[in-house]
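# With the sequence up front, the predicted model follows.
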Amino acid sequence: DTAVSQTPKYLVTQMGNDKSIKCEQNLGHDTMYWYKQDSKKFLKIMFSYNNKELIINETVPNRFSPKSPDKAHLNLHINSLELGDSAVYFCASSQEGVGSYEQYFGPGTRLTVT
Amino acid sequence: DAKTTQPPSMDCAEGRAANLPCNHSTISGNEYVYWYRQIHSQGPQYIIHGLKNNETNEMASLIITEDRKSSTLILPHATLRDTAVYYCIVRVHISSGSARQLTFGSGTQLTVLP
């Protein structure tokens, strides 16, 4: 069973469109994250949710809006896509306060904006 | 989180030990050292972490110097599948706010050669 899954794996779309990326974890973790990896391979945190509440909101354009319908899901909606949004987006989860605090990452969603 | 410094790249012969250094000279007393790796086109994967004692698991060993200002990740018998970017990260075990996030640097590209 996949611990952290993301859909879709690849997403190609045109500038100006609105798109969503979905993430689900079956590990029972209470915290989920979105990271962005740009073309230079730098991985950077975007958002973090704990028990459906926003904990971390780094400086990202407000065109990006995370939504957590329940503890196991954290979706990323992006409005008015721009060329610079092209990147690989990784979802991750962890159980904070217990054990090793390690984060489990999904396989990534490669977003290409044309 | 304290800043970490890693060499940008290293090579290792298959079957030999790979020793990946990390400098974290400004580490605080309550910060743990974590290692993750990212195999090409995959999500980052947790390897090991430690506070001040040396640690070993099925994947690797972590050696932390007595002053905690540097550490070495050891892959005892490197295989071709260990070719990846290895990230050394420090973080506290505090479940609040930005303490949860992982701050990735540029890591070390380890290439295992046949």
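On my side now, so go ahead. Numbering: from 1, shown residues only, chains lettered A, B, ... in the order given.

# nearest spatial neighbour of the closest residue to chain A within chain B, skipping sequence neighbours?
As assessed by CB to the nearest CB, chain A sits closest to residue B:43 within chain B, at 3.2 Å. Yep, even glycine has a C-beta here, placed from its N, CA and C like the rest. Excluding the flanking residues, the one nearest residue B:43 by CB to CB, 6 or more residues apart in numbering or on different chains is residue A:105, at 3.2 Å.

# again, but for residue B:59
Per CB to CB, 6+ apart, closest to residue B:59 is residue B:47, 5.3 Å.

# mind listing the strands for chain B?
Assigned by DSSP state E, chain B shows strands spanning B:9-13, B:18-23, B:31-38, B:45-50, B:55-56, B:61-64, B:70-75, B:84-92, B:108-113.

# Same list (those) but as a markdown table, adding distance to residue A:86 and mean pLDDT.
Below are those laid out as a markdown table (distance: least, CB to CB, whole Å; pLDDT from 0 to 100):
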| stretch | distance to residue A:86 | mean pLDDT |
| --- | --- | --- |
| strand B:9-13 | 26 | 97 |
| strand B:18-23 | 30 | 97 |
| strand B:31-38 | 19 | 94 |
| strand B:45-50 | 24 | 94 |
| strand B:55-56 | 38 | 96 |
| strand B:61-64 | 35 | 97 |
| strand B:70-75 | 32 | 97 |
| strand B:84-92 | 20 | 92 |
| strand B:108-113 | 22 | 97 |
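
# Report the beta-bridge partners for the closest residue to chain B within chain A.
Nearest residue of chain A to chain B (CB to the nearest CB) works out as residue A:105 at 3.2 Å. Taking DSSP bridges as the rule, residue A:105 bridges to residue A:92.

# CA-only coordinates of the helix or strand of chain A at the bottom of the mean pLDDT ranking in CSV, if you can.
Sorting the helices and strands of chain A by mean pLDDT, DSSP states H and E puts strand A:53-57 at the bottom, at a mean of 76. Provided in CSV are the C-alpha atoms of strand A:53-57 (Å, rounded to 0.1, in the frame of the first residue of the first chain):
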residue,chain,number,x,y,z
GLU,A,53,-5.6,23.5,10.5
LEU,A,54,-3.0,25.6,8.7
ILE,A,55,0.3,25.8,10.6
ILE,A,56,2.9,27.0,8.1
ASN,A,57,2.2,29.3,5.2
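
# burial measure for the residue of chain B closest to chain A, as a count.
Residue B:43: 22 surrounding residues under other CB atoms under 10 Å in any protein chain shown.

# List phi and psi for it.
Torsion angles at residue B:43 (phi, psi; degrees, to the nearest 10) stand at phi -70, psi 150.

# Is it in contact with residue A:107, as I believe?
Yes: Residue B:43 is within contact range of residue A:107, at 5.5 Å (criterion: CB atoms under 8 Å).

# Which positions in stretch A:43-61 come out as buried?
Using 16 or more other CB atoms under 10 Å in any protein chain shown as the test for burial, stretch A:43-61 gives A:43, A:44, A:45, A:46, A:47, A:48, A:49, A:50, A:55, A:56, A:60.

# Go through these and flag which are in strands.
Mapping those onto strands (DSSP E) picks out A:43, A:44, A:45, A:46, A:47, A:48, A:49, A:50, A:55, A:56.

# just checking, the first one touches residue A:35?
Going back to what we said before, that points to residue A:43. Yes: using CB under 8 Å, residue A:43 is in contact with residue A:35, at 5.3 Å.
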